[in-house]
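Chemist: Next comes the sequence, and after it the predicted model I'd like to discuss.
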Amino acid sequence: GRQRKEDAAREREELEQQRGELDKEFSNILDELKSNFRPPKALQPIERVEPDSYDKLLKELIFDRKAVATERTKTPEEIAREKAEKLEALER
């Protein structure tokens, strides 16, 4: 009984000591990582440059309304055929 308690206490003490050493090593590793860390380019602040005339024109063209295709102009024959079809439909 007593021997077992002493062994358990000694083992806990050894584990605590090992844990302390690991914590210290981890702290050293963490310090190393922090001193050598460089954020990736995506996280670095972007230098703002005043847009020149090309950039302004490009942005303007991007936001311009695109030309919308309209129906093509019908030939006189097509117009006449449509009128004839309408009249024919009305006569029925």
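Modeler: Looks like it came in fine.
Chemist: any low-confidence regions in the chain?
Modeler: Across the chain, the ranges flagged by pLDDT under 70 are 42, 44, 67-68.
Chemist: And the helices in it?
Modeler: Shown for the chain, the helices assigned by DSSP state H span residues 2-36, 53-63, 76-91.
Chemist: Using TSV, lay out those helices together with mean neighbour count.
Modeler: Placement of C-beta: from N, CA and C, glycine included. Shown next, in TSV, are these (neighbours: other C-beta atoms under 10 Å):
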stretch	mean neighbour count
helix 2-36	9
helix 53-63	9
helix 76-91	9
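Chemist: Can I get those in CSV including distance to residue 69?
Modeler: Formatted as CSV, the helices of the chain follow (distance: least, C-beta to C-beta, whole Å):
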stretch, distance to residue 69
helix 2-36, 58
helix 53-63, 19
helix 76-91, 18
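Chemist: nearest to residue 70, of those?
Modeler: Closest of the helices of the chain to residue 70 is helix 76-91, at 15.5 Å (criterion: C-beta to C-beta).
Chemist: gap between the closest one and the chain center?
Modeler: Distance, stretch centre to chain centre, for helix 76-91: 56 Å (C-alpha atoms, centre = their mean, to the nearest Å).
Chemist: now do stretch 33-43
Modeler: So, by C-alpha atoms, centre = their mean, the centroid of stretch 33-43 is 19 Å from its chain's centroid.
Chemist: Endpoints of that stretch, how far apart?
Modeler: Length of stretch 33-43, first residue to last, C-alpha to C-alpha, to the nearest Å: 17 Å.
Chemist: what's the answer for stretch 61-69, then?
Modeler: By C-alpha to C-alpha, one end of stretch 61-69 lies 18 Å from the other end.
Chemist: Check the offset of it from the chain's centre.
Modeler: 27 Å.
Chemist: Which one of the helices of the chain lies nearest to residue 47?
Modeler: helix 53-63 (14.4 Å).
Chemist: What are the contacting residues of the closest one?
Modeler: Under the contact criterion C-beta atoms under 8 Å, 6 or more residues apart in numbering, helix 53-63 has outside partners residue 51.
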